[in-house]
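Novice: no sequence on hand, only this structure:
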């Protein structure tokens with residue numbers, strides 16, 4: 001069974017950048033849509049972005065559009081999230097997830113990583 005592990009989170013000042021990685025083990029991400037979600041304390045998990053298998057289809061939440069870029073390297077079984085111009089409201093635990101369905105809804109993602117914390121100071 002595929003397992004996902006996120007990395008790259010940390011503390012950054014507003015306006016800064018971080019690059020998150022999501023590495024798969026125990027299997028491949030073959031034909032899977034990969035999504036990024038985030039959850040801040042006291043808030044519900046929210047969709048950030050997703051990328052299709054080929055990498056040519058991407059969808060972003062309005063809140064991150066133009067600042068975040070999702071990409072994938074299928075040969076390395078890894079998905080990336082480049083986050084630029086970070087804002088304090090981006091502070092959250094970020095999760096990657098795998099699905100066979102192109103959706104922004106968490107219930108369609110059956111495999112999740114453990115999350116990586118991103119904290120943006122003002």
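Specialist: Yep, that arrived. Fair warning: this is a prediction, and the values are worked out from it, not measured in the lab.
Novice: going by C-alpha atoms from here, please, whenever you check contacts or count neighbours.
Specialist: OK.
Novice: for residue 32, what are phi and psi?
Specialist: Main-chain torsions, residue 32, degrees, to the nearest 10: phi -100, psi 140.
Novice: wait, what's in contact with it?
Specialist: Residue 32 sits next to 52, 53, 98, 99, 100, 101 when contact means Cα atoms under 8 Å, 6 or more residues apart in numbering.
Novice: check residue 38 too.
Specialist: The neighbours of residue 38, taking Cα under 8 Å, 6+ apart as the test, are 45, 46, 47, 48, 92, 93, 94, 95.
Novice: rewinding a little: now, the contacts of residue 32 that are in strands?
Specialist: Among the contacts of residue 32, the members falling in strands (DSSP state E) are 98, 99.
Novice: what is the nearest of the contacts of residue 32 to residue 8?
Specialist: Within the contacts of residue 32, the smallest distance to residue 8 is 18.5 Å, found for residue 98 (Cα to Cα).
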